[in-house]
Every structure is written in structure tokens, then in C-alpha cells.
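Colleague: Need the 3D shape of this:
(chains A and B)
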Amino acid sequence: GDSVTQMEGPVTLSEEAFLTINCTYTATGYPSLFWYVQYPGEGLQLLLKATKADDKGSNKGFEATYRKETTSFHLEKGSVQVSDSAVYFCALSDRSDYKLSFGAGTTVTVRA
Amino acid sequence: EAGVAQSPRYKIIEKRQSVAFWCNPISGHATLYWYQQILGQGPKLLIQFQNNGVVDDSQLPKDRFSAERLKGVDSTLKIQPAKLEDSAVYLCASSWTSDMNGNEQFFGPGTRLTVL
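Modeller: This is a model prediction of the structure:
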């Protein structure tokens, strides 16, 4: 079945550091790919998405590129802020049934 | 636009007791999902509704879990009787349809259940 594997945390960074969270997937077809973010005390929010190979999703300074050849969708941000402290989830949606499959999540803490 | 509402936010019960969670999706969203998120794991889909019909409940432990979505709007998820391993956050999400391109789901804040 479809699955998502993402980098284990927790990740602790200083403000203005570069952030990368690795995500790879296994799917039989051509899924849509997502990054969701969960801020403390809040629900999951869609951060960005990509629906086909080579698409780049971007939002709030975060970017991720759909790499079909490496089955990856790594999340990057060039300069993190304290407000980026959250749990980040990589997910895929299979086009046959559109169900979301999530990775285990990566906790990111940014220190001032 | 109001988001997905869930209540209660927290619940503590003893094993073998019953518990119910409520979800009110975003107005106009036809598809509603219930997820279980165990600590340290990603959310796992329990059940999906399209309007008031069940689309997928293959991961729902039907011997103890039940869910309904009367009138195709609000939904309740019930656990009876609860086990220790049911301790988790229960997330409700909704989307316009189940076949929307990109399938963007909007999540509620969740209900944190602790079973003692």
C-alpha cells in the first residue's frame, strides 16, 4: 500500500538557520503530495502541496519539489523563525481513492 | 469562514467506559473524515463520509467504534467500551468533495482522549 517516510525528529535549530525535512514515499500510481503543519495547540493546516512531477509547492517561505525519480518531497526553508516551531507532516493522496496517508511527523523547535 | 469545530477538546475516562466525540465541519463540505493520531505517529483514517453515507470504514474497529453523520452535516464518533490503546487525539476533517483535485482537507483542533 501507499506509505510515507519522513525524517525523524526532533529537530532543533537556531533562528535564521536553514531547515530541511526529508520525505520519501511509496505509491503505486501518481499521488498528490502535501506538507501539513501543526502548531502547538492547533489543528493540522495545509502548508503546501504539489500534484504532479516537478511541481514546486511553496508557502510562508517553505518550498518542496515533487521528485518522481527519487520519490521524494523534501521540505526546505532558508531562514527559520521561532514561529516556525511546530510538527510537520508529509502526506500523500492516492488518485484512485484520494485518501491521505501521513508520515509520522517531525517536531521542529527554533530557538531565538 | 468558520473552521472545523470539535468537542470536547480533552476527555479522560477509565477503560471499559464509553465516550463520544462531536464534529461540525465547514459549511458546505460534503466529505467528512475521522482520524486517530497516536502519540508519535501520523494521523490514521478511521472513517470517511460523503454527505451522510459511509465511503470507507475499513480501518474502523467496528467491535467498539461507531460513527454517524445524520443529515450529512455534524458527525459523532463513539467508543464503547474504551481500551487503554484508544488513548490518542481524534481529528475530524472536512473537504468540499472526496474527488477534489489535490484533496485539500481542513482539520479541526482534535479531541485528546486519555484512557486510564
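Colleague: And what about residue B:85, helix, strand or coil?
Modeller: What DSSP: H, G, I helix; E, B strand; the rest coil gives for residue B:85 is helix.
Colleague: Can you check the pLDDT for it?
Modeller: Listed pLDDT for residue B:85 reads 96.
Colleague: what's the answer for residue B:98, then?
Modeller: pLDDT for residue B:98: 61.
Colleague: again with the one 4 residues further on
Modeller: In this model, residue B:102 is scored at 45, pLDDT.
Colleague: ditto for residue B:73
Modeller: 92.
Colleague: and it, what does it touch?
Modeller: Residues near residue B:73 by Cβ atoms under 8 Å, 6 or more residues apart in numbering or on different chains: B:24, B:25. Glycine gets a C-beta too; all of them are placed from N, C-alpha and C.
Colleague: hmm, 10 Å instead?
Modeller: B:23, B:24, B:25, B:27, B:28, B:29, B:32, B:51, B:52, B:94 (Cβ atoms under 10 Å, 6 or more residues apart in numbering or on different chains).
Colleague: List buried residues within these.
Modeller: Buried by 16 or more other Cβ atoms under 10 Å in any protein chain shown: B:23, B:24, B:25, B:29, B:32, B:94, out of the contacts of residue B:73.
Colleague: Next step: the contacts of residue B:73 restricted to strands.
Modeller: B:23, B:24, B:32, B:94 (DSSP state E).
Colleague: residue boundaries of the helices in chain A?
Modeller: Applying DSSP state H to chain A gives no helices.
Colleague: For it, list the residues in contact with chain B, please.
Modeller: Contact residues, chain A versus chain B (Cβ under 10 Å from any Cβ of the partner chain): A:4, A:6, A:8-9, A:31-34, A:36, A:38, A:41-46, A:49-51, A:57, A:87, A:89-95, A:97-105, A:107.
Colleague: of all of chain B, which residue lies closest to chain A?
Modeller: For chain B, the residue closest to chain A is residue B:42, as judged by Cβ to the nearest Cβ, at 3.1 Å.
Colleague: Would you mind putting the buried ones among the contacts of residue B:73 into TSV with pLDDT and distance to residue B:2 alongside?
Modeller: Below are the buried ones among the contacts of residue B:73 laid out as TSV (pLDDT from 0 to 100; distance: Cβ to Cβ, whole Å):
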residue	pLDDT	distance to residue B:2
B:23	97	13
B:24	96	9
B:25	95	10
B:29	90	11
B:32	93	15
B:94	92	11
